[in-house]
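1. make a model of this:
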Amino acid sequence: TTQTLSLLRHGRRLPTIHSLLHTQRKQLQTHLFWYFSYTKLTPIMPRRGRKRKKTRTHVVDTDERIKGALLSQDENKIPRSLVIRRGKVESELIELVTDLRKLMRPYTAVNFKEDATNRKVTLAHYANSLSSSMGVTHIMALSQNSARVNLRMGRAPAGPTLSFRVKRFTLGRQIRAVQRRPYDSSKAFESPPVVVTNNFGDASAAPHVKLMRITFQNMFPAINVSTVKLNECRRVVLFNFIRRDTSEVEDGNGDDATNKKDGASNDEVEDEEVEIRHYAIRAKPVGVDRKVRRLIEAKIPNLSKLDDISDYITGQTSSGAPAPAVNSGAMSDSEAEDETAHVMLPEKFRGKGNNKSQKSALKLVELGPRLRLKLVKVERGLASGDVMYHAYVHKTPEEVKELKQRKEQEASLKRQRREDQEANVQRKQAAKDEKKAKREQRKKEREEAAMASLRGEGAVAGGGSDDEDKSDGSEEETDSSVVDNEGGFDGEEEEEEESESGSDGEKE
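-> Okay, the predicted model is just below:
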């Protein structure tokens, strides 16, 4: 800057100044480059050329897109359930709803907040609201009255609906309270359970029994044996169908008859019931000593009283004396293992020592809840429609036909009444609109008449009140009288002009 000012003072030419500035800029760039190179920093050099434009070279493979489409279709086929309560219920029943939601996980609404006190919100309302948007396929509704607890399972949105009576139930916390080592793993609920239906019969079973089996199976996603992973099979849901011979009860034989004599009610003795159990699968390695297995499972015992770990394995010290007792928490020798529960694992399973091609013993640990259900009624629709089966009410085909005709007549009468009501509503609305249009027309005419009177253009005939009509009539009469007077005055003026013209002629 000092050199530039000195050049300007001495009157040097402008091109000389520009060349000097260019030389100084080049020198400054050179000094900066060597400075950043010495300090091992990236030199800041001016960018040359336009910005590089990227071209996308990655193209999604067609097979991957087809695979994604197939996965989305499979997800749409997965059944999703909704467990709710209806009406005012006890606190135990609210807890039962929570346990049922855990049983139906992961494809269920765990934190759903229902309006249980609003009786106007029916199952059909839930189905119409959630089946299309959330993909809900099954609805389970628990309700309670003064006599019993009821459970309804319905297929959304068209049915059918199975109505059960809950004979007895046990909550999950009550089951865990009596267990020695309760099962507690949140990861077990990340995959759907394995469904087992027992004693439901074959193709020759009764129609309502077949419907129960199909409904229970369709509430959970189907398992593809070719693609399923062993770690995903962590839980089991058992539906056991119990049949009893009521003739033995009537004859006074069997345990049920004994219970009846002891004071049990007739409701507890049913010919057909369904029992629901919920288990977790636990595997333990076999083929090794129990003490070694405890070490494999990372359950290290207290070895402070022993000199060597071999004393713990063999049970004797190096001198041959028996080793001190160690509380390892292992099972006693009296607890014999079931040989039928030993399996060869095709894949690695959860737990220490459960590796591939390793023999392990499977054990079921109950999670809860327990339910004992009695099927009472089957409806064709979702909580509506024809009654396909009833456990206590039996009707002849003639009675069924008569009842169906009566229902059809009631439905047709209801439809006719609704049509008449809609026609009456339309007629009243049309009359109301017509009356409103006439009122607006009269208002418009009154406004026009008022504007005309203000402008002096005369009154305009139109609607209004009777007083306004009278006032308008008086105004018309006054106006006409004025017009007549004006006409009279004009006639007199014409006669005077004629007389004057006659006098002028005589003078001429």
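2. other residues contacting stretch 189-208?
-> If you take Cβ atoms under 8 Å, 6 or more residues apart in numbering as the criterion, stretch 189-208 is touched by 102-103, 105-107, 209-210, 212-213, 216-217, 220-221, 223, 231-243, 278, 375, 378, 388-389. Quick note: C-beta positions are derived from backbone N, CA and C, even for glycine.
3. which of the residues you listed are buried?
-> For the contacts of stretch 189-208, a burial check counting by 16 or more other Cβ atoms under 10 Å picks out 102-103, 105, 107, 209, 212-213, 216, 220-221, 234-239, 241, 278, 375, 378, 388-389.
4. the residues you listed in strands, which ones?
-> Assigned to strands by DSSP state E, the following of those qualify: 235-239, 241, 278, 375, 378, 388-389.
5. tell me the one of these nearest Ala449?
-> Set against Ala449, the nearest of these by Cβ to Cβ is Met388 (73.5 Å).
6. these two touch, right, Leu130 and Ser81?
-> No. Using Cβ atoms under 8 Å, Leu130 makes no contact with Ser81, being 10.7 Å away.
7. before we move on, the earlier item: and the ones in strands among the buried ones among the contacts of stretch 189-208, which two are the farthest apart?
-> The widest separation within those (Cβ to Cβ) is 31.8 Å, between Arg235 and Met388.
8. list just the nearest of the ones in strands among the buried ones among the contacts of stretch 189-208 to Phe169.
-> Using Cβ to Cβ, the shortest approach to Phe169 within these belongs to His278, at 11.8 Å.
9. not counting sequence-adjacent ones, nearest residue to that closest one?
-> Nearest in space to His278, with sequence neighbours left out and distances taken as Cβ to Cβ, 6 or more residues apart in numbering, is Leu367 at 4.7 Å.
10. can you tell me how far that neighbour is from Val194?
-> 13 Å (Cβ to Cβ, to the nearest Å).
11. who touches Met140 in this structure?
-> Going by Cβ under 8 Å, 6+ apart, Met140 touches 81-84, 100, 104, 151-153.
12. so what secondary structure elements neighbour the host helix or strand of Lys444?
-> Using DSSP states H and E, Lys444 sits in helix 397-455. Counting by 3 or more Cβ pairs under 8 Å, 6 or more residues apart in numbering; DSSP states H and E, the packing neighbours recorded for helix 397-455 are helix 466-507.
13. can you list the low-confidence ranges for the stretch 201-350 of the chain?
-> For the stretch 201-350 of the chain, the stretches with pLDDT under 70 are 246-270, 287-307, 309-340.
14. what is the neighbour count of His390?
-> Per other Cβ atoms under 10 Å, the neighbour tally for His390 reads 15.
15. ok, now how distant is it from Gln144?
-> From His390 over to Gln144 (counting by Cβ to Cβ), the distance is 21 Å.
16. for Ala283, same thing?
-> Applying Cβ to Cβ, the value for Ala283 to Gln144 is 39 Å.
17. give me the distance between the two termini of stretch 117-137.
-> Length of stretch 117-137, first residue to last, Cα to Cα, to the nearest Å: 23 Å.
18. what lies in contact with that stretch?
-> Defining contact as Cβ under 8 Å, 6+ apart, one finds that stretch 117-137 is touched by 76, 79-82, 84, 86-88, 109, 114-115, 139, 141, 152, 154-157, 161, 218, 382-384.
19. buried ones in it, by neighbour count?
-> Buried-residue list, stretch 117-137, by 16+ other Cβ under 10 Å: 123-124, 126-127, 130-131, 136-137.
20. could you do stretch 178-197 as well?
-> 182-183, 188-189, 191-195, 197.
21. now stretch 169-179
-> Judged by neighbour count using 16+ other Cβ under 10 Å, the buried positions of stretch 169-179 are 169-172, 175.
22. averaged pLDDT, that stretch. What do you get?
-> For stretch 169-179, mean pLDDT rounds to 93.
23. quick one: end-to-end distance for that stretch.
-> Stretch 169-179 stretches 17 Å from its first residue to its last (Cα to Cα).
24. before we move on, what about stretch 151-170?
-> End-to-end distance of stretch 151-170 (Cα to Cα): 15 Å.
25. quick one: Lys348 from Met153, how far?
-> Using Cβ to Cβ, Lys348 is found at 37 Å from Met153.
26. so for those two, which sits in the more crowded spot?
-> Higher neighbour count among Lys348 and Met153: Met153, with 20 against 14, using other Cβ under 10 Å.
27. ranges for the helices of the stretch 251-400 of the chain?
-> Along the stretch 251-400 of the chain, the stretches classed as helices by DSSP state H, counting those that start in this stretch are 254-261, 290-296, 309-314, 397-455.
28. ditto for the stretch 51-200 of the chain
-> Ranges of helices within the stretch 51-200 of the chain are 62-77, 91-103, 123-130, 172-177, based on DSSP H, counting those that start in this stretch.
29. burial of the residue nearest to Arg244 when sequence neighbours are not counted, as a residue count?
-> What sits nearest to Arg244 in space, not counting adjacent residues and going by Cβ to Cβ, 6+ apart, is Asp271, at 5.2 Å. Neighbourhood size, Asp271 [other Cβ under 10 Å]: 13.
30. swap in Glu398?
-> Per other Cβ under 10 Å, the neighbour tally for Glu398 reads 8.
31. okay, now Leu230: neighbour count?
-> Count around Leu230 with other Cβ under 10 Å applied: 16.
32. ok now do it, which residues does it touch?
-> 345-349.
33. rerun that using 10 Å as the cut-off
-> 281, 283, 345-350, 354, 356 (Cβ atoms under 10 Å, 6 or more residues apart in numbering).
34. try Arg243
-> Going by Cβ under 10 Å, 6+ apart, Arg243 touches 199, 201, 209, 270-273.
35. switch to 7 Å and redo it
-> Each residue near Arg243 by Cβ atoms under 7 Å, 6 or more residues apart in numbering is listed here: 271-272.
36. equivalent analysis for Met104, please.
-> Contacts here follow Cβ under 7 Å, 6+ apart; on that basis Met104 touches 81, 83.
37. give me the pLDDT for it.
-> With respect to pLDDT, Met104 scores 93.
38. cool, the one 4 residues further on as well?
-> Each residue has a pLDDT score; the one for Thr108 is 92.
39. excluding sequence neighbours, find me the nearest residue to it.
-> Thr108's closest residue in space is Ser81 (Cβ to Cβ, 6+ apart), at 4.6 Å.
40. shouldn't the one you found be in contact with Pro221?
-> No. Judged on Cβ atoms under 7 Å, Ser81 makes no contact with Pro221 at a distance of 10.8 Å.
41. hey, what's in contact with both of these two?
-> Taking Cβ under 7 Å, 6+ apart as the criterion, Ser81 and Pro221 both touch Tyr107.
42. show me where the stretch 1-150 of the chain has strands.
-> For the stretch 1-150 of the chain, the strands defined by DSSP state E, counting those that start in this stretch occupy 81-86, 138-144, 149-155.
43. and the closest residue to Lys77 other than its chain neighbours, what does it touch?
-> With sequence-adjacent residues excluded and distances taken as Cβ to Cβ, 6+ apart, Lys77 is closest to Pro221, at 8.0 Å. By Cβ under 7 Å, 6+ apart, the residues touching Pro221 are 78-79, 107, 192.
44. how about Ala280?
-> Per Cβ under 7 Å, 6+ apart, neighbours of Ala280: 183, 188, 234-235, 365, 367.
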